[in-house]
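>>> coords please:
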Amino acid sequence: MMEYSKLISITGMGGLFEVVGSKTDGAIVRSLEDMVTKFVSSRVHNFSHLESIEVYTIRENVNLVEVFQAMEKSSEALPSEKDAKAIKAYFQKVYPDMDFERVYASDMKKMVKWFQVLKANNIEMKLTEYNTSEEEA
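Numbering: from 1, shown residues only. Got it, this is the predicted structure:
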């Protein structure tokens, strides 16, 4: 079972990856799309953990997982990732607090793509416990 906390996005490489091992100069990752495992150098690419990605809203930034959870609860049909207008209209319904001045169409497109990959792999979209309770305490 893949965990949301082990998922990363890698600059210059499409899709999402699961970290399966790390080395001093990079990580061994498995693509969620074709399940191919390979070594990726951290000298060439930047890694972003999905857990650490934030989204601009009209109030405080929210964690990306909150947007995914809203998408999961919504009955709105997912838009085609090729239709920027439809994607924006989708998020205006599903996550109206998003700051549409600062969240680019390319980012919204990525969110739709990533959401589809997460769903296809049956990954539960939640943060690991240690990240959440500290802040509220």
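>>> What's the separation between the residue nearest to Ser41 when sequence neighbours are not counted and Ala105?
Nearest residue to Ser41, sequence neighbours excluded (Cβ to Cβ, 6 or more residues apart in numbering): Gly26, at 4.2 Å. (C-beta placed from N, C-alpha, C; glycine too.) Separation of Gly26 from Ala105 (Cβ to Cβ, to the nearest Å) stands at 31 Å.
>>> Restricting to C-alpha, output the longest strand along the chain in CSV.
Secondary structure of the chain read by DSSP state E shows that its longest strand is strand 13-23. What follows is strand 13-23, C-alpha atoms only, in CSV (Å, rounded to 0.1, in the frame of the first residue of the first chain):
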residue,chain,number,x,y,z
MET,A,13,9.7,14.8,-14.9
GLY,A,14,6.0,14.5,-15.3
GLY,A,15,3.7,12.6,-12.9
LEU,A,16,4.2,11.4,-9.3
PHE,A,17,6.8,9.2,-7.7
GLU,A,18,7.0,7.1,-4.6
VAL,A,19,10.3,7.2,-2.8
VAL,A,20,11.5,3.7,-2.3
GLY,A,21,15.0,4.4,-1.2
SER,A,22,17.5,7.3,-0.8
LYS,A,23,21.2,7.8,-1.4
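>>> Can you spell out which helices and strands pack onto that strand?
strand 7-10, strand 26-31, strand 37-41, helix 105-120 (3 or more Cβ pairs under 8 Å, 6 or more residues apart in numbering; DSSP states H and E).
>>> just checking, what packs against the second one?
Going back to what we said before, that points to strand 26-31. strand 7-10, strand 13-23, strand 37-41.
>>> Show residues contacting the last one.
Okay, so that is strand 37-41. 10, 13, 17, 20, 23, 25-31, 47 (Cβ atoms under 8 Å, 6 or more residues apart in numbering).
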